[in-house]
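# Mind folding the following:
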Amino acid sequence: MAGCEKLAGAFNLSIRGYDPGVTPIVAEYIKKPGKIAPPQEVALSLYIQHISKLSEMEMEITISFYLRLQWLDRRLKSKTNRPIRVPKGVLHCLWLPDIYFMEAKSTGEPEASVFHVDPDGKIIWSRLISLATRYENDLHVFPFDTLSTRVQLESYSYGNNTLTFKWLGYMYSPSLSSIDFKAHSAIHGISMKDYSRMSIDPEDSLFQIAWLELKLRRSPLIALISIYIPALMIVMASWLAFLLPDSETAAKLGIGITSLLSLITLTSYADSKLPKVSYFRGHDLFFGFSFAMMFSSCVVHVRRKFTILPRSSMLDQSKVSEMNCKLRIRSFSTVSVFVFSLLVFNIVYWPVVISMSQYASD
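Got it, this is the predicted structure:
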């Protein structure tokens, strides 16, 4: 401890008789016999600087933010008229709240740290932290889903009766409102919500937890351009086979099979950009309906191949013209059924997905 006193004295900081294992509020009440010390209050504030990584396959997000802790330690009062900046090498000599991040996959070493002590003993400890944690989102409503993650802080050794948290506020960088990620992971908006400022359940938890929830909304435009519109174009391209004569069955099936293979390739691309989940995602139903449409068109082409028609040599010219007219009408009516089915599906599908996404984000 003598070494700490000498080291702190070099920075005009007096810690004679200072016990770093005792909270500041307990140190005050030691001098007041018969009185019970209340919990030490530590104020928290966050400034979200940027999101450095978002991995959809691993459902992991990396957030860089400034964490500012404030508390009062009258044992560090000084006669100076300005704050004292304490170097990192002296911090082990002082009492510090042993805060850690819950459910974090990894927490990098603080990239920067500033420790100030005001003349009245008020301490401000600011650190730049990079936190990798898991996020949750409901892919039922893809591409209108909302990503949700929490920054949760808890004391490792001080319980509710020794240390409490208080939120001072939170901010985020304006640049977060225009983040663009690769593939269809664009974020076009950010909203953070502080639920009750603290999450405390004295009956079920011995340690107080302070948490802040961060919500990000996906931009549906990129998914529409890269997934849904190409799928619609492939389906409509398969209908070009209806313009061919019924005798060109091989060409019709060639168009149908090529369209099916193109849609399979597009489905594989979409699946490679999203995490593997045990439920139907928003685009799975869309692709399923598209496959059903193209398979049905192939069935129609094969059925027409085996339709028995009289030879044109056995009919006069008027009968041949009448038959060709009927075939064109039949082709037009078949295409109309496919177009109507696709139109009805989209009229029902998109409002349902959008309404579900609004319900899920609430």
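# which residues sit in contact with the nearest residue to P20 once chain neighbours are set aside?
Nearest residue to P20, sequence neighbours excluded (CB to CB, 6 or more residues apart in numbering): W95, at 4.9 Å. To be clear about C-beta, it is placed using only N, CA and C from the backbone, and glycine gets the same treatment. Residues touching W95, when contacts are defined by CB atoms under 8 Å, 6 or more residues apart in numbering, comprise 19-24, 73.
# Correct me if wrong: M102 contacts E154.
Yes. With contact defined as CB atoms under 8 Å, M102 and E154 form a contacting pair (5.4 Å).
# Between these two, tell me which one has more neighbours.
A side-by-side neighbour count of M102 and E154, using other CB atoms under 10 Å, places E154 first with 19 against 13.
# Thought L206 was touching the more buried one, still the case?
No. Counting by CB under 8 Å, no contact exists between E154 and L206, whose distance comes to 10.3 Å.
# What is the most widely separated pair among the contacts of W95?
The largest separation in those, counting by CB to CB, is between G21 and D73 at 13.3 Å.
# ok so, going back, quick one: common contacting residues for M102 and E154?
When contacts are counted by CB under 8 Å, 6+ apart, M102 and E154 are jointly contacted by I209.
# just to revisit the earlier point, of G21 and D73, who's got more company?
For G21 versus D73, the count of surrounding residues by other CB under 10 Å is larger for D73: 20 against 6.
# Let me see the contact set for the more buried one.
For D73, the contact set (CB under 8 Å, 6+ apart) comprises 24, 94-95, 117, 121, 123.
# Now do it against F332, distance only.
Here the criterion is CB to CB, to the nearest Å. By it, D73 lies 85 Å from F332.
# The residue nearest in space to the middle of the chain bridge partners, please.
Nearest to the centroid of the C-alpha atoms of the chain, with distances taken as CA atoms, centre = their mean, sits L147, at 2.8 Å. Following DSSP bridges, L147 is listed with bridge partners L216.
# you'd agree it is up against E213?
No. In this structure, L147 is not within contact of E213 by CB under 8 Å, at 10.8 Å.
# OK, contacts around S262?
Contacts of S262 (CB under 8 Å, 6+ apart): I234.
# let's go with 10 Å and repeat that
Under the criterion of CB atoms under 10 Å, 6 or more residues apart in numbering, the contact partners of S262 comprise 230-231, 233-235, 237-238, 294.
# among those residues, who's most crowded?
Within these, most neighbours by other CB under 10 Å means S238, with 26 neighbours.
# doesn't L232 make contact with it?
No. With contacts defined as CB atoms under 10 Å, S238 does not count as touching L232, sitting 11.0 Å away.
# Identify the contacts common to those two.
Residues within reach of S238 and of L232 at once, by CB under 10 Å, 6+ apart, are S290.
# Could I have the CA atoms of the longest strand seen in the chain written out in PDB?
Ranked by number of residues, the top strand in the chain under DSSP state E is strand 40-55. Below are the C-alpha coordinates for strand 40-55, written out as PDB (Å, rounded to 0.1, in the frame of the first residue of the first chain):
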ATOM      1  CA  GLN A  40     -23.000   2.500  -3.200                       C
ATOM      2  CA  GLU A  41     -24.600   4.200  -6.100                       C
ATOM      3  CA  VAL A  42     -22.800   4.100  -9.500                       C
ATOM      4  CA  ALA A  43     -24.300   6.200 -12.300                       C
ATOM      5  CA  LEU A  44     -24.000   4.900 -15.900                       C
ATOM      6  CA  SER A  45     -24.200   6.500 -19.300                       C
ATOM      7  CA  LEU A  46     -23.500   5.100 -22.800                       C
ATOM      8  CA  TYR A  47     -22.600   6.600 -26.100                       C
ATOM      9  CA  ILE A  48     -22.900   4.200 -29.000                       C
ATOM     10  CA  GLN A  49     -20.100   5.100 -31.400                       C
ATOM     11  CA  HIS A  50     -20.500   2.600 -34.200                       C
ATOM     12  CA  ILE A  51     -21.300  -0.900 -35.200                       C
ATOM     13  CA  SER A  52     -18.200  -2.500 -36.500                       C
ATOM     14  CA  LYS A  53     -19.500  -5.900 -37.500                       C
ATOM     15  CA  LEU A  54     -22.800  -7.600 -38.100                       C
ATOM     16  CA  SER A  55     -22.700 -11.300 -38.900                       C
END
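# number of nearby residues for P220?
By other CB under 10 Å, the residues close to P220 number 21.
# I meant Y135, not that one.
Look at Y135: counted by other CB under 10 Å, it has 19 neighbours.
# Give me the secondary structure label for the closest residue to it other than its chain neighbours.
Distances taken as CB to CB, 6+ apart put T149 closest to Y135, at 3.9 Å, once the chain neighbours are dropped. For T149, the secondary-structure state derived from DSSP: H, G, I helix; E, B strand; the rest coil is strand.
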